[in-house]
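Student: mind looking at a prediction? Sequence and model below.
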Amino acid sequence: MNERADGGSAPQDEPDVNPAAAELAAFVDWFRRVTPYINAFRGKTFVLAFGGKAIAGPLVKTFAYDVNLLASLGIRLVLVHGARPQIEEELREKGIESRHHRAYRITDADTLDCVLDAVGSVYLEIEALLSQGLPNTPMAGSQIRVIGGNFITARPLGVLDGIDLQYSGMVRKVDAEGLKAQLALGNIVLLSCQGCSPTGEIFNLRMEEVAEAVAVAIKADKLVYLTDSQGVCDREGVLLGELTADAAAELQNADWLSPDIRRCLPSIVRASRQGIGRAHVVGYMQDGALLQEFFSREGIGTVISRESLERIREARADDIGALIALIEPLEEDGTLVHRPREVLEREIDKFSIILHDNMAVGCAALYDYGEGVAELVCLAVHPAQRGWGYGEQLVERIQSRARAIGIKRLFVLTTRAVHWFIERGFKLEDIDQLPLQKRQMYNLQRRSKVLVKSL
Ligand SMILES: CC(C)(COP(=O)(O)OP(=O)(O)OC[C@H]1O[C@@H](n2cnc3c(N)ncnc32)[C@H](O)[C@@H]1OP(=O)(O)O)[C@@H](O)C(=O)NCCC(=O)NCCS
């Protein structure tokens, strides 16, 4: 939007129905909502991996725009590309049979020539896409420097089950320092699915494995695969928005997964086990998929996280003892309202609990008041475990439980943690904003503050 949309003259006390103004308001609201992500991602390193199909697809131009945007926001990017369909095309043109063993191409010398041609031209195509700068496109004014180089040392895969894979290789070493130096200069690093060995030979690598090795070597903050499906789906084809690395490991051989997903999941599982905190799978056939995945709370694909989300779960009857141990000291010093054991037993399903090494370290509960309003109560983190983000994780958990049952307004009463909640998006409100039932129970002596968050 180039023009200001503030020329209207609607009286101030009338609701604004001007569509241009509504659009502008939505734009401003959207921009403000993405700001926390922009701040969180600045200076972070993402490895983006995509196959030759994504480059041959219709959305390649807008993909380049989005990469440019990510780079402009200060995200350090390593791109790793494949070229399977282009290699197949070269082989077909030269009348060479395409042969595979297990998940690898059998790359003889003639096949290697085709690989080099195909990979070389895809590389140049991506470089050209990222060098666009036409006015009236999102690339206008962009000055991204794209750098390649011999950052990957390869070695032959050798003979598998009696079959010599010849010039098919695996990653032997990643020049992490070299890569990081380029990223620190603000350059985008573009890598292909090829690597050289110290003997001077070139090897054909799987792009999924190159991305995995690079992400682990440079300790990337995110490893992202653009694939032929929107994300990882369950047997019924329903998209799984988030998975733990353990759950991904169980799924990785499932026969309903798309070919791309089957190729990248093992890499994601290995990378997670070597320290990559977040891996994402998004579809290259969705315009703006990267932006939606990174800059919206819900995302659009699948995020696979290293930590087992099992650490946070709904409480069970056998957690009562642990809950009492957590909240009793806070009840005694007046921070929390006393809840007798029988109440806890009756209301245990309202609680979520967070465990560290199987020890309960925090809890919180959700009380539904109907009509889309609920209360977050009894948020407590063990004093020895504070400052590790457990409090925040619990609030997020309660918020998602609340959203799942259609809650629009979540409130909390607190005497000691007002600022903690304000910093997490809650706003101070008057007591008369509470649901009637709660107002009647409000303990005037405690003089708790009321904070509300719209979900
Ligand atoms: C409030 C509470 C749940 C936070 O738990 P936590 O796991 O330490 O929270 P996080 O790790 O997500 O956040 C820690 C940050 O909040 C800050 N913080 C902690 N308690 C705070 C408080 N009462 N007021 C303002 N900020 C606070 C910490 O200084 C830290 O900030 P930093 O990262 O800038 O150093 C925990 O302190 C607690 O159990 N308090 C007693 C119970 C309570 O007051 N509950 C709320 C009423 S229901």
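Tutor: Everything's here; your move.

Student: which strand or helix spans the closest residue to the ligand within the chain?
Tutor: Nearest residue of the chain to the ligand: G391, at 2.5 Å (Cβ to the nearest ligand atom). Where C-beta positions appear, they are placed from N, C-alpha and C, glycine not excepted. Using DSSP states H and E, the element containing G391 is helix 390-404.

Student: check A181 too.
Tutor: helix 176-184.

Student: quick check: buried residues in the helix holding G391?
Tutor: Buried positions in helix 390-404, judged by neighbour count with 16 or more other Cβ atoms under 10 Å: 390-391, 393-399, 401-402.

Student: quick one: contacts for the closest residue to S72 other than its chain neighbours?
Tutor: Distances taken as Cβ to Cβ, 6 or more residues apart in numbering place S142 nearest to S72, at 6.9 Å, with adjacent residues excluded. By Cβ atoms under 8 Å, 6 or more residues apart in numbering, S142 lies in contact with 68, 72, 132-133.

Student: hang on, the earlier thing: thinking the residue of the chain closest to the ligand is in contact with Q385, fair?
Tutor: No. If you go by Cβ atoms under 8 Å, G391 and Q385 don't touch, sitting 9.5 Å apart.

Student: which SS class is the residue nearest to S72?
Tutor: Using DSSP: H, G, I helix; E, B strand; the rest coil, the three-state assignment for S142 comes out as coil.

Student: ok, now how distant is it from V47?
Tutor: Separation of S142 from V47 (Cβ to Cβ, to the nearest Å): 21 Å.

Student: kindly report the same for E392.
Tutor: According to Cβ to Cβ, E392 and V47 sit 26 Å apart.

Student: likewise R172?
Tutor: Counting by Cβ to Cβ - R172 and V47 are separated by 18 Å.

Student: just want to know which of the two has more residues nearby.
Tutor: V47 (30 against 16; other Cβ atoms under 10 Å).

Student: tell me where the stretch 1-150 of the chain is predicted with low confidence.
Tutor: Across the stretch 1-150 of the chain, the ranges flagged by pLDDT under 70 are 1-17.

Student: just the helices in it please.
Tutor: 19-41, 52-56, 60-72, 84-93, 109-130 (DSSP state H, counting those that start in this stretch).

Student: figure out which of the ones you listed is closest to E177.
Tutor: Closest of the helices of the stretch 1-150 of the chain to E177 is helix 60-72, at 21.0 Å (criterion: Cβ to Cβ).

Student: buried stuff in the closest one?
Tutor: Neighbour-count burial for helix 60-72 flags 60, 62-71 (criterion: 16+ other Cβ under 10 Å).

Student: what residues does the chain put near the ligand?
Tutor: 330, 335, 379-381, 386-392, 412, 414, 416-417, 419-420 (Cβ under 6 Å from any ligand atom).

Student: if we use 5 Å, what do you get?
Tutor: Residues of the chain lying close to the ligand by Cβ under 5 Å from any ligand atom are 335, 379-381, 386-387, 389-392, 414, 416-417, 419-420.

Student: greatest separation within the residues you listed: which pair is it?
Tutor: The largest distance within the residues of the chain next to the ligand, taken as Cβ to Cβ, falls between T335 and G389 and amounts to 19.7 Å.

Student: element containing the nearest residue to H382 once chain neighbours are set aside?
Tutor: Nearest residue to H382, sequence neighbours excluded (Cβ to Cβ, 6+ apart): V361, at 4.8 Å. Element membership for V361 (DSSP H and E) is strand 359-368.
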